[in-house]
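J.: here is a sequence with its predicted model. Questions after.
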Amino acid sequence: MQDNRNTAFGWILFSGIVALGFSSLSSKYFHGDGAEAPEKPGYFIDAPEEGAEADTGPTIAQALAAGSADAGEKVFAKCTACHTINSGGANGIGPNLYGVMGKPIGTHAAGFAYSSALSGVGGSWDYDAMDAWLKSPRAFASGTKMSFAGLGSVEDRANVILYMLANGGGPPLPTPEVVEEPAEAEDIDGAGEGPGATEGSDAGAVEAAGAMGDEQPVPQDRPAT
């Protein structure tokens, strides 16, 4: 009985060793230890980079011309957790925004500790700068303390800017670009109407033959039968 057990255990151990060997060989042969890219990929998905966005909508000047401060007040509700916009309002997590349009960037609210990332941008809060800031604060001033992700809609940004403009004023609105419609093709006199009537008498046989191409057969006089 003891010998049979030893034999069975021996076969079991041998089978395990064989299985382990085959596993190692197959892993090396089929490259199971790591994934490899195929030699000829089927296709690639052309995805835009993160944060990339196609500018197919209206410009900020066009959106400002079509927007309203009332609509901007509703969008600005997202900002009230950090900002006040009334005259003499206190600074909060963010600065008071009364009269911010047209003022130097990063120095508007007295007593507020602006980040060096924003105050170092330079320039003033014109409409293009405010549009870029509201679209993506981090892209406008890398390292800014403002954690707001931004407003993706140009219409929302324009309305908020108009609401800011209504609270403290600012520079004149930019003139929106005029989109020119493509000019229609002019109809040249007589074009597309087809050939008109031909004046004059009927062409004779000689004239008709002269009007034919070189490759067209010309009727020959035949002797009378």
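T.: Here it is on my side, so go on.

J.: where does this protein dip in pLDDT?
T.: By pLDDT under 70, the low-scoring segments of the chain are 1-6, 8-11, 16, 18-56, 179-225.

J.: hmm, try it at 50
T.: For the chain, applying pLDDT under 50 flags the ranges 1, 35, 37-38, 40-54, 206-209, 211-216, 218, 225.

J.: just the strands from it, written as ranges.
T.: Assigned by DSSP state E, the strands in the chain number zero.

J.: please enumerate the helices of this protein.
T.: For the chain, helices defined by DSSP state H occupy the ranges 2-29, 60-66, 69-76, 116-119, 127-135, 137-140, 154-166, 205-211.

J.: thought residue 125 was touching residue 107?
T.: No - Residue 125 is beyond contact range of residue 107, at 10.4 Å (criterion: Cβ atoms under 8 Å). For the C-beta atoms, the positions are set from N, CA and C on the backbone; glycine is no exception.

J.: more neighbours: which of the two?
T.: Using other Cβ atoms under 10 Å, the more surrounded residue of residue 125 and residue 107 is residue 125, with 22 against 13.

J.: any figure for the gap between the nearest residue to residue 132 once chain neighbours are set aside and residue 131?
T.: Leaving aside its sequence neighbours, residue 132 sits nearest to residue 140 (Cβ to Cβ, 6 or more residues apart in numbering; 4.9 Å). Between residue 140 and residue 131 the distance is 10 Å, computed by Cβ to Cβ, to the nearest Å.

J.: same thing with residue 64?
T.: Here residue 64 is placed at a distance of 9 Å from residue 131 (Cβ to Cβ).

J.: what is in contact with these two at once?
T.: Counting by Cβ atoms under 8 Å, 6 or more residues apart in numbering, the residues touching both residue 64 and residue 131 are 158, 161.

J.: show me what contacts residue 118?
T.: Contact analysis of residue 118 by Cβ under 8 Å, 6+ apart lists 105-106, 141, 144-146.

J.: other residues contacting stretch 152-165?
T.: Residues from elsewhere that reach stretch 152-165 (Cβ under 8 Å, 6+ apart): 53, 57-60, 63-64, 66-69, 71-76, 79, 85, 97, 100-101, 127, 130-131, 134-135, 151, 170, 173.

J.: of those residues, grab the buried ones for PyMOL.
T.: A single PyMOL command selects the buried members of the contacts of stretch 152-165 (16 or more other Cβ atoms under 10 Å):
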select buried, resi 58+59+60+63+64+67+69+71+72+73+75+76+79+85+97+100+101+127+130+131+134+135+151+170
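
J.: that older thread, please pick the buried ones from the contacts of residue 118.
T.: 105-106, 141, 144, 146.

J.: now for those, which pair is the farthest apart?
T.: Maximum pairwise distance in the buried ones among the contacts of residue 118, criterion Cβ to Cβ, is 12.5 Å, between 105 and 146.

J.: how many residues are close by the closest residue to residue 105 other than its chain neighbours?
T.: Excluding its sequence neighbours, the residue lying closest to residue 105 (Cβ to Cβ, 6+ apart) is residue 121, at 5.0 Å. By the criterion of other Cβ under 10 Å, residue 121 has 17 neighbours.

J.: can you pull the contacts of residue 121?
T.: Counting by Cβ under 8 Å, 6+ apart, residue 121 touches 105-106, 140-141.

J.: give the burial count for residue 87, as a bare number.
T.: Residue 87 - counted by other Cβ under 10 Å - has 10 other residues nearby.
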